[in-house]
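[1] predicted structure and sequence below. I'll ask about it afterward.
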Amino acid sequence: MEKIDIKSLTLSELTEQIVALGEPRFRAKQVFEWLHKKRVFSFEEMTNISTKFQQLLDSRFYINSLNIAKKLVSQIDNTVKYLYELRDGEFVECVLMDYHHGTSICISSQVGCKMGCTFCASTIAGFVRNLTPSEMLDQIYFSARDSGRKISSVVMMGIGEPLDNYDNVLRFLELVSDENGLNLSLRHLSLSTCGLVERIYELAEHRLGLTLSVSLHAPNDKIRSKTMPVNRKYSVDELLKACRYYVDVTRRRVSFEYALIRGVNDSEKDARELAARLRGMLCHVNLIPVNRVEETGYHASEQDGVVRFQNLLLSLGINTTIRRTLGADINAACGQLRRNRHNFKR
Ligand code: SF4
């Protein structure tokens, strides 16, 4: 019988499994706390349950863990970038960043990505598989343990498209916010999507309180379809309609990510068109000087061009910030560590 990934089970699922093994319901809560609060590596460490039951659990379940394959620490601002090896030998990345409000972690949701955004390193080697809920959680648990930092917010903006791994991500959200575990308020979590429109409508219905962050990166279909193949399926109009719906249902502001690429999407005309499209929506635009990835041939807009773009949006009534660059000295763009490792393995 194949063992079950116990850390991916929600408390109610774990309770069902444990009751089926003849144990009382409260036992499930004890086991859940060992996994998600004390974060043990083996059933033997669960000292308030009998040895016999520890062995029974060990025969039915496994406890996921990760190996640190590489760790880069910024000498400038203490940003830490981890490359983790998964149980099957695949790799994912995550990044810890210190802000004035606490430490934030950016996690991956898939091994690789099938969305094909032309400016992104994560998609170059293609898609391998979805991450399990425990593999997403363990990026947080292992990074917190290794760094000794208390993580106060989570950003799902690493490798992968979270809404393309929808069921596992929903389960992860339930686990990460469980009061018997990490107990993270979902108000401190941002989920980033390239714009899978049906999933945005579905997610809105869950009214989870998280921040939806949409990778927009273009003011119109012409530019967006060139840089983001997903736009050939869902137009900018359809995407923004879904975002307006999300705001109406959840009363949460949507955040639009806009990576400024020199000569592609950074003109005054682009800024005006973007402002016209977003006018009246409860939203925020986050401008990002695009990361340099050799294969893409893209270059970041000049700093004064970024500021001009921001000022124009602000003058047109669009709440806009420029993302602070952290970890500049370890600034492999998202997906590059894994890709280098991948090339190395070959
Ligand atoms: S930007 Fe996000 S959705 Fe697009 S290819 Fe990269 S990881 Fe995938």
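    Thanks, I have it. Numbering: from 1, shown residues only.

[2] report the buried residues of the lengthiest strand in the chain.
    In the chain, taking DSSP state E as the definition, the longest strand is strand 91-99. By neighbour count on 16 or more other Cβ atoms under 10 Å, the buried set for strand 91-99 is Phe91, Val92, Glu93, Cys94, Val95, Leu96, Met97, Asp98. Glycine gets a C-beta too; all of them are placed from N, C-alpha and C.

[3] who's the second one bridged to?
    Beta-bridge pairing for Val92 (DSSP bridges): Tyr84.

[4] okay, now the domains of the protein?
    Domain ranges of the chain: 4-62, 67-345, per automatic domain parsing.

[5] out of these, which one sits most buried?
    domain 67-345 (a mean of 18; mean count of other Cβ atoms under 10 Å).

[6] ok, Val307 to Ala259 distance?
    Applying Cβ to Cβ, to the nearest Å, the value for Val307 to Ala259 is 16 Å.

[7] which strands and helices lie in contact with the longest strand of the chain?
    strand 80-85, strand 102-106, helix 133-147, helix 336-345 (3 or more Cβ pairs under 8 Å, 6 or more residues apart in numbering; DSSP states H and E).

[8] just to revisit the earlier point, so which of the buried residues of strand 91-99 comes closest to Leu163?
    Val92 (17.4 Å; Cβ to Cβ).

[9] how about the residues of this protein by the ligand?
    Contact residues (Cβ under 6 Å from any ligand atom) of the chain with the ligand: Cys113, Met115, Gly116, Cys117, Cys120, Ser122, Thr123, Ile159, Gly160, Glu161, Cys194, Ser215.

[10] let me know the outermost residue of the protein.
    In the chain, counting by Cα atoms, centre = their mean, Lys52 sits farthest out from the average C-alpha position, at 38.6 Å.

[11] quick check: which element contains it?
    helix 51-60 (DSSP states H and E).

[12] can you check Asn64 too?
    Here Asn64 is assigned to no helix or strand, by DSSP H and E.

[13] list the contacts of it.
    Applying Cβ atoms under 8 Å, 6 or more residues apart in numbering to Asn64 gives the contacts Asp5, Lys7, Ser8, Arg87, Thr132, Ser134, Glu135, Asp138.

[14] quick one, grab the pLDDT at the last one.
    Think Asp138. Looking at Asp138, its pLDDT is 98.

[15] doesn't Lys7 make contact with it?
    Yes - assessed by Cβ atoms under 8 Å, Asp138 is found in contact with Lys7 at 7.4 Å.

[16] strands along the protein, start to end?
    4-5, 61-62, 67-73, 80-85, 91-99, 102-106, 110-112, 127-130, 151-156, 189-193, 211-215, 254-260, 283-289, 320-322.

[17] any idea how far Tyr84 lies from Ile68?
    Counting by Cβ to Cβ - Tyr84 and Ile68 are separated by 6 Å.

[18] pick the one among the contacts of Asn64 closest to Asn165.
    Thr132 (9.3 Å).

[19] nearest residue to the closest one in space, please, no chain neighbours.
    Spatial nearest neighbour of Thr132, excluding adjacent residues (Cβ to Cβ, 6 or more residues apart in numbering): Ser8 at 5.0 Å.

[20] again, but for Ala144
    Closest to Ala144 by Cβ to Cβ, 6+ apart is Ile151, at 5.2 Å.

[21] much appreciated, bye for now.
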